[in-house]
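Engineer: Quick one, what's the 3D model for this:
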Amino acid sequence: MKTITVLVIVAAVASSVQAANCGVVPTQFALTSFISTPSPPCIGRQLCISVSGTLNTPIIEGSKLNIAGKFLNHLVYADNYDLCKLLADQGTPCPLPITTTDATVCINVKTNAPPNVGSNVTFAAFNGDGGTIWCEETKGVVVKNC
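Structural biologist: All right, here's what the predicted structure looks like:
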């Protein structure tokens, strides 16, 4: 079992909020667990998201991480990243092998995240081959000024 840790700057998810697949099937990383800490997330502070599951396709160059937050179906938060660059920054360059079963992503919640608003946040990772690595949506995420 191989564990990776990545630091990125993205949106926030609360651990008390349930995450569910965005309806994208199949995914290249079949998640069995999606956990975030702390709860509630704080604007300008670190939040860690841990995922576990089965990676059935290597993560290759050109992979992207997209984050979108919506309130009343209006986009209130968006970020896009080069996933392989983020992995390489942490010493785990692409291609990421299928032996990977766990990943932890620690992020700083951006200062433009809307506080005290129950938003639906989507975390979607797309592989360089065009496939969906994972897509998880959380509902009712409330980010705080701590």
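Engineer: For stretch 66-84, the averaged confidence score.
Structural biologist: Averaged across stretch 66-84, pLDDT comes to 90.
Engineer: For stretch 60-72, buried residues please.
Structural biologist: Across stretch 60-72, burial judged by 16 or more other C-beta atoms under 10 Å covers 63, 65, 66, 67, 68, 69, 70. C-betas here are computed from N, CA, C, even on glycine.
Engineer: Now render these as a markdown table, adding distance to residue 102 and secondary structure.
Structural biologist: What follows is the buried residues of stretch 60-72, written out as a markdown table (distance: C-beta to C-beta, whole Å; DSSP: H, G, I helix; E, B strand; the rest coil):
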| residue | distance to residue 102 | secondary structure |
| --- | --- | --- |
| 63 | 17 | coil |
| 65 | 17 | strand |
| 66 | 21 | strand |
| 67 | 20 | strand |
| 68 | 24 | strand |
| 69 | 25 | strand |
| 70 | 28 | strand |
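Engineer: between those, which is nearest residue 114?
Structural biologist: Looking at those and their distance to residue 114, the nearest is residue 69, at 7.7 Å (C-beta to C-beta).
Engineer: what distance separates the start and the end of stretch 106-115?
Structural biologist: 20 Å (C-alpha to C-alpha, to the nearest Å).
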